[in-house]
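Trainee: no FASTA, just this:
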Ligand SMILES: [Zn+2]
């Protein structure tokens, strides 16, 4: 029987990996307690009012595709194999997330379409753990 | 503040010079600028140098000092600026401010760079952005272009045309890296990098150097009888735009209502120069990738928002067009030796305003040469806008 392998985030504190299949993961943003602005990824001071009082907040999993492009060349050190899509997804919190896109057919991508955040295995590390990253993928079309 | 002028400018040709050191290229550009300015090196009171990549053939630390002292060891301050692509325009601004404020009468600005081939790496290979395939500079511009196409009904061909115009100008420039025109088909059919950007829509990596001599206007007549006056500068970095309104609702994502940082900076520059965008007769802007030129000419209000791509398509930015842009070939064709690019742009505007641009000479609105020129040099290190008059 295959042993259940440990999952680690590609970057500590970037998102919450679901601990059970029932749970949903989420991106971890920070909300400024001074002016209410929300940021992702986290930062130490508010970009607007410079308050150091920022509290972690789970971000919405659904957003809108503001723009995207398809990259045709695989970068050294990258887990993304070309061609692959990257884009900017705007969340209801006013956060624009620069993200890799998970999509079976890149021709399906359209500016303005709804996108869901997914947490996926990106690669294995030397310690035998599964390194998890986040991507956004188009919301499945209703049949 | 005193008025400041450019007395002379010089370049080491942009291109690939594996046999030359960055020190040799820098010295050549400076020597030419000094001769053009008719200023002996001993009169230079301070040197402001731009360079970015110390590891890539640029020697080690403190390269500015090695470039400068070979011309004479006069004991002057030599200051190095690393502001990514905006390094030598920042060096220029600091020299300008020092002379304007009476600290020095004559100062030297230089930019020099030797680069390696391939995409410039902006982050560590192990970083999150790198692993997730996000740290690809052309993709940032490609995303902007795709949104622009969506918002304004432009076409990928309009972006490709930016490169066609740049290469046509580069063909007329003996200092350009690429001195060969290319067709729209060649640009469109070159390798796709990130849709809609193809290889010929990306600036190359380049070796090169540029230099400019700035002088207090009240002292200029002792060296020369003609010069170009610096009438405004504006330097800044991107300001955060608040997304959440007072009422807790999101600010509109409509690009029509969003004023970008470059737009704000341009307003400041026009105000300082007491002119408007309609007075500008020639401009050099930062076209590291073709969408960069479109957003720049719109942010500088040389064209209305959403009309820049069409303006290029219709020939309005060509040397004989209504608003000539990147007359020396721009970053795309003249080349982009990061630390030297700003001085390259200033050099071209200087030549244009002096009427010394040869086959690239812009006629100007009245037909007797341009009177007002503009430089916009931006990068991850900040943004600089400069306005000049002859
Ligand atoms: Zn705040």
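Mentor: Nice, I can see it. Just so it is clear, the structure is predicted and the values come from calculations on it, not from any experiment. Numbers count the residues shown, from 1 in each chain, chains lettered A, B, ... in the order given.
Trainee: Pull the contacting residues for residue B:175.
Mentor: By Cβ atoms under 8 Å, 6 or more residues apart in numbering or on different chains, the contact set of residue B:175 is B:11, B:13, B:14, B:328, B:334. The way it works is simple: take the backbone N, C-alpha and C, and place the C-beta from them, glycine included.
Trainee: List the pairing partners of the lowest-mean-pLDDT helix or strand in chain A within its sheet, with orientation.
Mentor: Least confident helix or strand, chain A: strand A:7-9 with a mean of 91, by mean pLDDT, DSSP states H and E. In the sheet, strand A:7-9 lines up against strand A:130-138 (parallel) (DSSP bridges).
Trainee: what residues does the partner strand touch?
Mentor: A:5-10, A:14-15, A:17, A:25, A:27, A:63, A:65, A:79, A:87, A:89, A:97, A:99-103, A:108-109, A:113-125, B:128, B:131-132.
Trainee: quick check: mean pLDDT across the helix or strand hosting residue B:348?
Mentor: For residue B:348, the element it lies in under DSSP states H and E is helix B:341-354. Averaging the model's pLDDT scores along helix B:341-354 yields 98.
Trainee: now do stretch B:42-59
Mentor: For stretch B:42-59, the mean pLDDT works out to 83.
Trainee: on that earlier part again, show me what the helix holding residue B:348 is packed up against.
Mentor: On a contact count with 3 or more Cβ pairs under 8 Å, 6 or more residues apart in numbering or on different chains; DSSP states H and E, helix B:341-354 meets strand B:4-15, helix B:87-100, strand B:106-113, strand B:207-216, strand B:228-236, strand B:282-284, strand B:372-379, strand B:382-389.
Trainee: for chain A, which spans come out with low pLDDT?
Mentor: A:1-3, A:142-143 (pLDDT under 70).
Trainee: residues in the stretch 101-250 of chain B within reach of chain A, list them.
Mentor: Within the stretch 101-250 of chain B, the positions lying close to chain A (Cβ under 8 Å from any Cβ of the partner chain) are B:119, B:125-126, B:128, B:130-136, B:139, B:142-147, B:150, B:191-195, B:197, B:240, B:242-244, B:248, B:250.
Trainee: Thought residue B:339 was touching residue B:113, still the case?
Mentor: Yes: counting by Cβ atoms under 8 Å, residue B:113 touches residue B:339, with 4.1 Å between them.
Trainee: ok, those two, which is more surrounded?
Mentor: residue B:339 (36 against 31; other Cβ atoms under 10 Å in any protein chain shown).
Trainee: returning to what we had before: show the buried residues in the residues of the stretch 101-250 of chain B next to chain A.
Mentor: B:128, B:130-136, B:139, B:142-147, B:192-195, B:197, B:242-244 (16 or more other Cβ atoms under 10 Å in any protein chain shown).
Trainee: The residues you listed in helices, which ones?
Mentor: If you go by DSSP state H, these have B:128, B:130, B:131, B:139, B:142, B:143, B:144, B:145, B:146, B:147 in helices.
Trainee: Excluding chain neighbours, what is closest to the fourth one?
Mentor: Closest residue to residue B:139 in three dimensions, ignoring its sequence neighbours and counting by Cβ to Cβ, 6 or more residues apart in numbering or on different chains: residue B:194, at 4.2 Å.
Trainee: residues contacting the one you found?
Mentor: Contacts of residue B:194 by Cβ under 8 Å, 6+ apart are A:69, A:70, A:71, A:72, B:136, B:138, B:139, B:141, B:142.
Trainee: in the stretch 51-200 of chain B, what spans have low per-residue confidence?
Mentor: B:55-59, B:117-126.
Trainee: At which residues are the strands of it located?
Mentor: B:78-81, B:106-113, B:192-194, B:197-198 (DSSP state E, counting those that start in this stretch).
Trainee: what angle sits between the longest one and helix B:341-354?
Mentor: Counting by axes from the mean of the first three to the mean of the last three Cα atoms, to 10 degrees, strand B:106-113 lies at 120 degrees to helix B:341-354.
Trainee: Neighbouring strands of strand B:106-113 in the sheet, and parallel or not?
Mentor: strand B:47-50 (parallel), strand B:207-216 (antiparallel).
Trainee: neighbouring contacts of the first one?
Mentor: Same thing as strand B:47-50. Under Cβ under 8 Å, 6+ apart, the answer for strand B:47-50 is B:26, B:63-64, B:67-68, B:76-83, B:87-92, B:94-95, B:107-112, B:339-340, B:342-343.
Trainee: Make a PyMOL selection of the buried ones in the residues you listed.
Mentor: Buried residues within those, by 16+ other Cβ under 10 Å, are selected in PyMOL with:
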select buried, chain B and resi 26+63+64+67+68+76+78+79+80+81+82+83+87+88+89+90+91+92+94+95+107+108+109+110+111+112+339+340+342+343
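Trainee: Next, count neighbours for residue B:62.
Mentor: Neighbours around residue B:62, by other Cβ under 10 Å: 12.
Trainee: So it sits against residue B:80, correct?
Mentor: Yes: at 6.9 Å, residue B:62 counts as touching residue B:80 under the criterion of Cβ under 8 Å.
Trainee: starting at the chain centroid, how far to stretch B:295-315?
Mentor: 17 Å (Cα atoms, centre = their mean, to the nearest Å).
Trainee: Pull out the buried positions in it.
Mentor: Buried residues in stretch B:295-315 (16+ other Cβ under 10 Å): B:295-303, B:305-313.
Trainee: First-to-last residue distance for it?
Mentor: 17 Å (Cα to Cα, to the nearest Å).
Trainee: List the contacts of it.
Mentor: B:144, B:148, B:151-152, B:154-155, B:157-159, B:161-162, B:165, B:255-256, B:260, B:262-263, B:266, B:270, B:276-277, B:280, B:283, B:285-287, B:293-294, B:316-317, B:321, B:323, B:325, B:374, B:376, B:378, B:385.
Trainee: Those in helices, which ones?
Mentor: B:144, B:148, B:151-152, B:157-159, B:161-162, B:165, B:262-263, B:266, B:270, B:293-294.
Trainee: Quick one, which of the residues you listed are buried?
Mentor: Buried residues within the ones in helices among the contacts of stretch B:295-315, counting neighbours by 16+ other Cβ under 10 Å: B:144, B:148, B:152, B:158-159, B:161-162, B:165, B:262, B:266, B:270, B:293-294.
Trainee: could those residues go into TSV alongside distance to the ion?
Mentor: Shown next, in TSV, are those (distance: Cβ to the ion, whole Å):
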residue	distance to the ion
B:144	27
B:148	30
B:152	33
B:158	39
B:159	37
B:161	43
B:162	39
B:165	44
B:262	24
B:266	27
B:270	31
B:293	35
B:294	33
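Trainee: Report the separation between the residue nearest to residue B:139 and residue A:70.
Mentor: 7 Å (Cβ to Cβ, to the nearest Å).
Trainee: Need the helices and strands packed on helix B:341-354 in TSV (columns: distance to residue B:21).
Mentor: What follows is the helices and strands packed on helix B:341-354, written out as TSV (distance: least, Cβ to Cβ, whole Å):
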stretch	distance to residue B:21
strand B:4-15	11
helix B:87-100	18
strand B:106-113	10
strand B:207-216	10
strand B:228-236	30
strand B:282-284	27
strand B:372-379	24
strand B:382-389	27
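Trainee: In TSV, list those along with distance to the ion.
Mentor: Below are the helices and strands packed on helix B:341-354 laid out as TSV (distance: least, Cβ to the ion, whole Å):
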stretch	distance to the ion
strand B:4-15	39
helix B:87-100	29
strand B:106-113	38
strand B:207-216	41
strand B:228-236	21
strand B:282-284	37
strand B:372-379	27
strand B:382-389	23
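Trainee: pretty sure residue A:10 is touching residue B:128, no?
Mentor: Yes: assessed by Cβ under 8 Å, residue A:10 is found in contact with residue B:128 at 5.7 Å.
Trainee: residues near residue B:274, how many?
Mentor: 10.
Trainee: do the same with residue A:127
Mentor: So residue A:127, with other Cβ under 10 Å, has 8 neighbours.
Trainee: Next to the ion, which bits of chain A? Give me the list.
Mentor: A:32, A:34, A:35, A:37, A:46, A:48, A:49, A:51 (Cβ under 5 Å from the ion).
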